[in-house]
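Q: Any chance you could fold what I've pasted below:
(chains A and B)
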Amino acid sequence: MLSQTEIDGFAAPDAAPEAVIEARDLQLVFETSDGPVQALKDINLTIEKGEFVSFIGPSGCGKTTFLRAVAGLEKPTGGTLTVNGMTPDEARRARAYGYVFQAAGLYPWRSIARNVRLPLEIMGYSKADQESRVKKVLQLVDLEGFERKYPWQLSGGMQQRASIARALAFDAEILLMDEPFGALDEIVRDHLNEQLLALWARTEKTIGFVTHSIPEAVYLSTKIVVMSPRPGRITDVIPNTLPKERPLDIRDTPEFLEIAHRVREGLRAGHAYD
Amino acid sequence: MRQSILPVLTVVLIILGIWYLAAAWMNATWTLQQAERAEQTLTTVEVLQDTMQQDRPKLPAPHQVAVELWETTAEKKITSKRSLVYHGWITLSATLLGFAIGTGLGILLAVGIVHNRAMDMSVMPWAIASQTIPILAIAPMIIVVLNSVGVTGLLPKAFISAYLSFFPVVVGMVKGLRSPAPMQLDLMRTYSASQSQVFWNLRLPASVPFLFTSLKVGIAASLVGAIVGELPTGAVAGLGARLLAGSYYGQTIQIWSALIAAAVLAASLVGIVSLLERLTLHKMGMRT
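A: As a prediction, the model looks like this:
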């Protein structure tokens, strides 16, 4: 299955022309004081350009670890992992992705506009370019008019939107989101889910999205990856057959409930023997 | 603000009350001895009156200290050798210079400790050890050593003051520079930010609240350092010199007024730092 070039970390362009993120037999073992912990075992997954892939599973299933490995924040101990055909480290240097963390993590000493500008400053964009990009992404997340506000003056949902704008500012093809709405209440979360779908449709990014919530995963994704812990592994990959146009009340349709049911089954199967 | 006035005044009144009682009690012995020698018998009121107006009381009464303070600040020209303002300025200049040196040194050491593992392991134990040496023991040594290499005047005192003030700055800044959450550092890594970019954009601004807390401790320590630095030199000027001269000649009123002046000076310095803190954090947009 693996060509030599893939093993070397460079996917042959004709082998998987659309693959953006590709994991083959990926292993990741953490050395802890209690001995080694297998955080990821035999992960095989291909994420194609423009997909919205959700990772769902109980704590410790490795969903966040996988996302961090894609970002080059964790080092895999075996197998291959490529991002845009490069190693995660190379991809990071090539600014292949923007990362959204669970907490908005805005700098309290920077205004919203200057928070969004932070990656641009670090990456050395010109002043004029910074200006126009900040304006554009703040519009994209519906935060125009809040440029001069400080983070503490914004609600939690708005802060998280600002942090998404920050991740989008340098226009990376891939958006990695680690439970971005986990700390928000359900009403705000619904609203942000809707906005995220619209944003995805407009920007055609490839999105990797970690979540605890079955409805959220089913509502957002084109593909749902169900994971289970000890060792962290993939138990099911569910293609989402819902149409691309998804109003919030699609969540009451039989198709939606059917997919949600399959996700729930997958989660249960992963827990069968503990 | 208004709510705190009453409790503060109450405490001040209680302290003054205790002070007057203590003064009467401690100074009465001398009054009675004098009366015995002069073969007089004094009424209680006379005894009490005398305890409040001795020239060299064991414990001067608050109003005596207040009068002395008034005479040596408002009623003397500030260039006069008898003016507390003059002596205060001498000490203050050493304090500020020492504080500047100590703060600079403290920040540099903290930056080194946070970025360099070898410094982390080696500098901190020495910094802690330096603070366990009694300042009274090392102050004369510093002055003697510096004198022998020709450094005299303000600098030796400033060094002692810096010796005391760098430590809280190191401790606070190390904590402050390490205060960003792992998530914040990960975010910087996703931007492939360099170490200096992480420092200027994240670590330094995040450390500012910690820095100001340390500066408040540091500036008070600086003042103590400057005063202690004046004691072993037989300095002729400065609050320390006033304390020393007062104790040579049993001028308790002078000692107490110098003490009060030092306390007021320290409180004002800490107050100024607090004000700067509020202004800086407000300017940085942080909620204070």
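Q: and residue A:28, that's in a helix?
A: No - under DSSP: H, G, I helix; E, B strand; the rest coil, residue A:28 sits outside any helix and is assigned strand.
Q: how close does it get to residue A:68?
A: Applying C-beta to C-beta, to the nearest Å, the value for residue A:28 to residue A:68 is 9 Å. Just so you know, the C-beta spots here come from the backbone N, C-alpha and C atoms, and that holds for glycine as well.
Q: overlap in contacts of those two?
A: The contact sets of residue A:28 and residue A:68 overlap at residue A:74 (C-beta atoms under 8 Å, 6 or more residues apart in numbering or on different chains).
Q: do you know how far residue A:253 is from residue A:197?
A: From residue A:253 to residue A:197 the distance is 16 Å (C-beta to C-beta).
Q: The two: which has the busier surroundings?
A: The residue with more neighbours, out of residue A:253 and residue A:197, is residue A:197; 20 against 12, by other C-beta atoms under 10 Å in any protein chain shown.
Q: Pretty sure that one sits against residue A:220.
A: Yes - at 6.3 Å, residue A:197 and residue A:220 qualify as touching, with contact defined as C-beta atoms under 8 Å.
Q: give the contact list for residue A:179.
A: Applying C-beta under 8 Å, 6+ apart, the residues near residue A:179 are A:64, A:102, A:210-212.
Q: Check which residues of the strand or helix carrying residue A:159 are buried.
A: Secondary structure from DSSP states H and E places residue A:159 in helix A:156-168. By neighbour count, and taking 16 or more other C-beta atoms under 10 Å in any protein chain shown as the criterion, the buried residues in helix A:156-168 are A:157-168.
Q: Helix or strand next in line after it, which one?
A: strand A:174-178.
Q: Would you tell me what the next helix or strand after that next one is?
A: For strand A:174-178, the following helix or strand on the C-terminal side (DSSP H and E) is helix A:186-203.
Q: Give me the helices and strands touching that following helix, please.
A: Applying 3 or more C-beta pairs under 8 Å, 6 or more residues apart in numbering or on different chains; DSSP states H and E, we find helix A:186-203 packed against helix A:127-140, helix A:156-168, helix A:214-220.
Q: and of those helices, who's closest to residue B:43?
A: Closest approach to residue B:43 among the helices and strands packed on helix A:186-203 (C-beta to C-beta): helix A:156-168, 75.5 Å.
Q: what sits up against the closest one?
A: With C-beta under 8 Å, 6+ apart as the contact definition, helix A:156-168 has outside contacts at A:98-101, A:104-106, A:112, A:115-116, A:118-119, A:137-138, A:140-143, A:146, A:151, A:154, A:175, A:177, A:180-181, A:183-184, A:188, A:191-192, A:195-196, A:199, A:203.
Q: out of these, which are buried?
A: Taking 16+ other C-beta under 10 Å as the criterion, what is buried in the contacts of helix A:156-168 is A:98-101, A:104-106, A:112, A:115-116, A:118-119, A:137-138, A:140-141, A:143, A:146, A:151, A:154, A:175, A:177, A:180-181, A:184, A:188, A:192, A:195-196, A:199.
Q: Residues of chain B that sit close to chain A?
A: Residues of chain B lying close to chain A (C-beta under 8 Å from any C-beta of the partner chain) are B:181, B:183-184, B:186-193, B:197, B:201-202, B:205, B:208, B:284-287.
Q: Buried among those? Need that as a selection in ChimeraX.
A: Filtering those down to the buried ones (16+ other C-beta under 10 Å) takes a single ChimeraX command:
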select /B:184,186,187,188,190,191,192,193,197,201,202,205,208,284,285,286
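Q: Give me the subset of the residues of chain B next to chain A lying in helices.
A: Within the residues of chain B next to chain A, residues falling in helices by DSSP state H are B:183-184, B:186-190, B:197, B:205, B:208.
Q: which residues of chain A fall in helices?
A: For chain A, the helices defined by DSSP H occupy A:4-7, A:63-70, A:88-93, A:112-123, A:127-140, A:156-168, A:186-203, A:214-220, A:254-270.
Q: could the ones you listed go into TSV alongside distance to residue B:29 and mean pLDDT?
A: Output for the helices of chain A, formatted as TSV (distance: least, C-beta to C-beta, whole Å; pLDDT from 0 to 100):
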stretch	distance to residue B:29	mean pLDDT
helix A:4-7	96	44
helix A:63-70	77	92
helix A:88-93	81	90
helix A:112-123	69	94
helix A:127-140	78	92
helix A:156-168	69	91
helix A:186-203	76	88
helix A:214-220	83	91
helix A:254-270	86	88
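Q: separation between the closest residue to residue A:24 other than its chain neighbours and chain B?
A: Computed as C-beta to C-beta, 6 or more residues apart in numbering or on different chains, the closest residue to residue A:24 that is not its neighbour in sequence is residue A:80, at 4.7 Å. Noted for residue A:80: a distance of 21 Å to chain B, by C-beta to the nearest C-beta, to the nearest Å.
Q: So for residue B:165, what's the nearest residue that isn't a sequence neighbour?
A: Excluding its sequence neighbours, the residue lying closest to residue B:165 (C-beta to C-beta, 6+ apart) is residue B:102, at 3.4 Å.
Q: Could I get the contacting residues of the residue of the stretch 151-274 of chain A found nearest chain B?
A: Relative to chain B, the nearest point of the stretch 151-274 of chain A is residue A:152 (4.9 Å; C-beta to the nearest C-beta). Neighbour list for residue A:152: A:108, B:286-287 [criterion: C-beta under 8 Å, 6+ apart].
Q: Extract the C-alpha trace of stretch B:44-59 and format it as PDB.
A: Extracted as PDB, the C-alpha positions of stretch B:44-59 are listed here (Å, rounded to 0.1, in the frame of the first residue of the first chain):
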ATOM      1  CA  THR B  44       0.200  62.500  89.700                       C
ATOM      2  CA  VAL B  45      -0.800  65.200  87.300                       C
ATOM      3  CA  GLU B  46       2.700  66.800  87.600                       C
ATOM      4  CA  VAL B  47       4.300  63.500  87.000                       C
ATOM      5  CA  LEU B  48       2.200  63.000  83.900                       C
ATOM      6  CA  GLN B  49       2.900  66.400  82.600                       C
ATOM      7  CA  ASP B  50       6.700  65.900  83.000                       C
ATOM      8  CA  THR B  51       6.600  62.600  81.200                       C
ATOM      9  CA  MET B  52       5.200  64.300  78.200                       C
ATOM     10  CA  GLN B  53       7.900  67.000  78.000                       C
ATOM     11  CA  GLN B  54      11.300  65.600  78.900                       C
ATOM     12  CA  ASP B  55      14.300  66.500  76.700                       C
ATOM     13  CA  ARG B  56      15.600  62.900  76.400                       C
ATOM     14  CA  PRO B  57      12.700  60.700  77.200                       C
ATOM     15  CA  LYS B  58      12.900  56.900  76.900                       C
ATOM     16  CA  LEU B  59       9.900  57.100  74.700                       C
END
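Q: Can you give me the buried ones in it?
A: So, applying 16+ other C-beta under 10 Å, buried residues of stretch B:44-59: B:48, B:50-52, B:54, B:57-59.
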